[in-house]
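Engineer: sharing a sequence plus its predicted fold:
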Amino acid sequence: MKRLFSVSILLSVISIFIAVNAGFCDDVIYGFEKDGQGWAIPDWACEKIDYVCKTVEISSDAAIEGSSSLKLDVDFPKEAWRAAVIEVEDVFYWEEYNFLFVDIYLPDNVPNGISGRFAMTVGDDWLWIEPVMPVNLMPGKWVTVQASLRVDNVDWKKTEMVEERGIDGKIRGYVKKEIPVILSQEYKDDIHTIAVRIEADRIKYEGPVYIDNIRLVKELPKE
């Protein structure tokens, strides 16, 4: 009788655990096991001096899940901010999901200070938006980078060039301005591309960066 009672309690606990964490069911949408699944360096990045990703290819050198990942060959100089970006264009229906995750790996010989973040183009004007803050990457370890897809969250921003005027009111030039963006339902329903960007601000590094396991999550696990 005691044994049956114990089994009953155990099954109840397991049921509660499953119910609480049911939302944390991640769906891998890009695993890079056979090919790049459409991910590539965008043409516009090849035309900009501050984007320095040279190639992107499938590699078996590192993987957090499965046997392969996507390898970016980057060349960051020490003199200025530079980035490497890859993106994919597709039809994204993510109504039931609230988070987007990716795992990024830097070899252990990479200097500290390199970071990563997602970006998306949304809406009729294909507005480029990105999370307000990047995530610091750790050499020698897989680091999970996430972005919130919750409607009305304010974790996103856009960058615009705005006029800079003198005291006489005349335009003296243009400066970059970061503007908060609310992820509206209209934006979430109209995502055209998603991108992963690796950033280095005056950090010298030439070599690979690995990206794997891009996935969608409904809810974060409860602590």
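Structural biologist: Everything's here; your move.

Engineer: now do the helix or strand containing residue 54: which elements does it pack against?
Structural biologist: For residue 54, the enclosing helix or strand under DSSP states H and E is strand 53-59. The elements that strand 53-59 packs onto, with contact taken as 3 or more CB pairs under 8 Å, 6 or more residues apart in numbering; DSSP states H and E, are strand 69-76, strand 81-89. Where you see a C-beta, it was placed from the backbone N, CA and C, and this is true even at glycine.

Engineer: can you do 6 Å?
Structural biologist: The contact analysis (3 or more CB pairs under 6 Å, 6 or more residues apart in numbering; DSSP states H and E) places strand 53-59 against strand 69-76.

Engineer: partners of the strand it packs on, with directions?
Structural biologist: Within its sheet, strand 69-76 is paired with strand 53-59 (antiparallel), strand 205-217 (antiparallel), according to DSSP bridges.

Engineer: residue contacts, residue 117?
Structural biologist: Contacts were defined as CB atoms under 6 Å, 6 or more residues apart in numbering; by that measure residue 117 touches 130, 131, 134, 197.

Engineer: I'd say the first one and residue 119 touch.
Structural biologist: Yes. In terms of CB atoms under 6 Å, residue 130 counts as a neighbour of residue 119; the distance is 4.0 Å.

Engineer: just the CA atoms of stretch 90-104, as CSV, please.
Structural biologist: What follows is stretch 90-104, C-alpha atoms only, in CSV (Å, rounded to 0.1, in the frame of the first residue of the first chain):
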residue,chain,number,x,y,z
ASP,A,90,11.4,33.2,-45.4
VAL,A,91,7.7,33.2,-44.4
PHE,A,92,7.6,33.3,-40.6
TYR,A,93,4.5,32.4,-38.7
TRP,A,94,5.4,32.7,-35.0
GLU,A,95,2.1,33.6,-33.4
GLU,A,96,2.3,31.0,-30.7
TYR,A,97,6.0,31.7,-29.8
ASN,A,98,7.4,34.4,-27.5
PHE,A,99,11.2,33.9,-27.8
LEU,A,100,13.8,33.3,-30.4
PHE,A,101,17.1,31.5,-29.4
VAL,A,102,20.4,30.8,-31.0
ASP,A,103,23.6,29.2,-29.7
ILE,A,104,26.9,30.8,-30.6
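
Engineer: if anything else comes up later, I'll come back, but that's it for now.
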